[in-house]
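Participant: here is my input; please provide its structure:
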Amino acid sequence: MSDQSPFGGAPSSANSSRPALPGGSVVVRPTQDELLDAIASDLYMHAAACVREFGDFHLALSVWPEAEALYLRLLYDPRFRDLPWKRTHLWLVEENFSQNRFEVLEEAIVLQSDIPQQQVHRPAQTQDYQAELQESLGWREKGHDRLDFALLPLLERGQTHGSRSAGPAAALVETRPGQVLMTRRLLEATRFIAIAALGSGSVEGVREIVTRGTRRSGAGSDRLFADEISPLGGELRWYVDQSACRSETGREGEG
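Facilitator: Have a look, this model is predicted:
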């Protein structure tokens, strides 16, 4: 697939040096601002395509400090204003109730868009998020009853949001004390998985993944590691800025 954005501008020369990240393609931009544009453009195109094909768009977002700028951009940037919010179902990948992460989506997206309230799926400690997910996706034809787009962060040590539970016997959503997490099983089945290296820990996260290669990433941890995610019939795309395109030796990565 071409790295050319439909919103204008040629692919950056930074794309000639991509870090060796597993499981999907890698998009590189010189700055985080340009990286936000690349993510927003892909989300916009995917939303439009899913609405044309299925009539709706199931979007699962993560909340971490650097993501808020992206969510605000989706509403204020004229290029993305006609994103089909009326046909969008909004989900949260991981809620930590002590942090009230969904409030970021509430303020940046829900209150600023025309998304119907019944399509805003906010986790609560008293509800079954998996049952709500299955009921909402159950209207689709079998085989298409999966999330359309999931945005995940690349954090320190290469960790991301979500539970490590995987395989056909795993649940789609895991509930822990004070937390609700989508599982690796659910995320891997998503039509398009975007992993964004945004924030101070992302450079270390990229370096950690590239350095460890095929070694088991999650040994001794109950956290999901980004390089454990292997898409099942979907697409995975990494988004990194140029500062992350250096190996552990400090040299530019190979293109």
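Participant: show me where pLDDT drops low in the stretch 101-250 of the chain?
Facilitator: 143-144, 213-220, 246-250 (pLDDT under 70).
Participant: is it fair to say Ser41 lies in a helix?
Facilitator: Yes: counting by DSSP: H, G, I helix; E, B strand; the rest coil, Ser41 is part of a helix.
Participant: so where's the longest strand in the chain?
Facilitator: strand 235-241 (DSSP state E).
Participant: hmm, who's touching it?
Facilitator: Contacting residues not belonging to strand 235-241 are listed as 14, 18-19, 21, 23-32, 34-35, 38-39, 42, 154, 191-198, 202, 206, 229-230 [Cβ atoms under 8 Å, 6 or more residues apart in numbering]. For every residue, glycine as well, the C-beta is placed using N, CA and C.
Participant: swap in stretch 106-126?
Facilitator: The contact list for stretch 106-126, computed with Cβ under 8 Å, 6+ apart, reads 68, 71-72, 74-75, 85-86, 88-92, 95, 97, 102, 129, 132-133, 136, 178, 180.
Participant: strands of the protein, start to end?
Facilitator: 25-29, 57-61, 88-92, 94-96, 149-153, 159-163, 173-176, 179-182, 192-196, 223-225, 235-241.
Participant: mind putting those in TSV, mean neighbour count included?
Facilitator: TSV is the format used below for the strands of the chain (neighbours: other Cβ atoms under 10 Å):
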stretch	mean neighbour count
strand 25-29	22
strand 57-61	25
strand 88-92	23
strand 94-96	20
strand 149-153	25
strand 159-163	25
strand 173-176	18
strand 179-182	24
strand 192-196	25
strand 223-225	23
strand 235-241	23
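Participant: for those strands, give me TSV that also has distance to Lys142.
Facilitator: Compiled in TSV, these are given as follows (distance: least, Cβ to Cβ, whole Å):
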stretch	distance to Lys142
strand 25-29	28
strand 57-61	15
strand 88-92	18
strand 94-96	27
strand 149-153	20
strand 159-163	24
strand 173-176	20
strand 179-182	20
strand 192-196	20
strand 223-225	27
strand 235-241	21
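Participant: these: which one's closest to Arg140?
Facilitator: Closest to Arg140 of the strands of the chain is strand 57-61 (Cβ to Cβ; 8.8 Å).
Participant: which ones are touching Tyr71?
Facilitator: Per Cβ under 8 Å, 6+ apart, neighbours of Tyr71: Leu61, Val104, Leu105, Ala108, Ile109.
Participant: same check on Glu188?
Facilitator: Counting by Cβ under 8 Å, 6+ apart, Glu188 has contacts Ala166, Ile229, Ser230, Pro231, Leu232, Gly234.
Participant: in PyMOL, select just the buried ones from the residues you listed.
Facilitator: The PyMOL command for the buried members of the contacts of Glu188 (criterion: 16 or more other Cβ atoms under 10 Å) is given here:
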select buried, resi 166+229+231+234
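Participant: between the contacts of Glu188, which is closest to Cys50?
Facilitator: Of the contacts of Glu188, the one sitting nearest to Cys50 (Cβ to Cβ) turns out to be Gly234, at 12.0 Å.
Participant: can you give me phi and psi for that closest one?
Facilitator: Taking degrees, to the nearest 10, you get phi -120, psi -170 for the backbone angles of Gly234.
Participant: OK, contacts around it?
Facilitator: Arg146, Glu188, Ala189, Thr190, Arg191, Phe192, Ile193.
Participant: could you redo the last one with a cut-off of 6 Å?
Facilitator: Neighbouring residues of Gly234 by Cβ atoms under 6 Å, 6 or more residues apart in numbering: Thr190, Arg191.
Participant: likewise for the one 10 residues further on?
Facilitator: If a contact means Cβ under 6 Å, 6+ apart, then Ala244 has Ala197, Val203, Val206 as its contacts.
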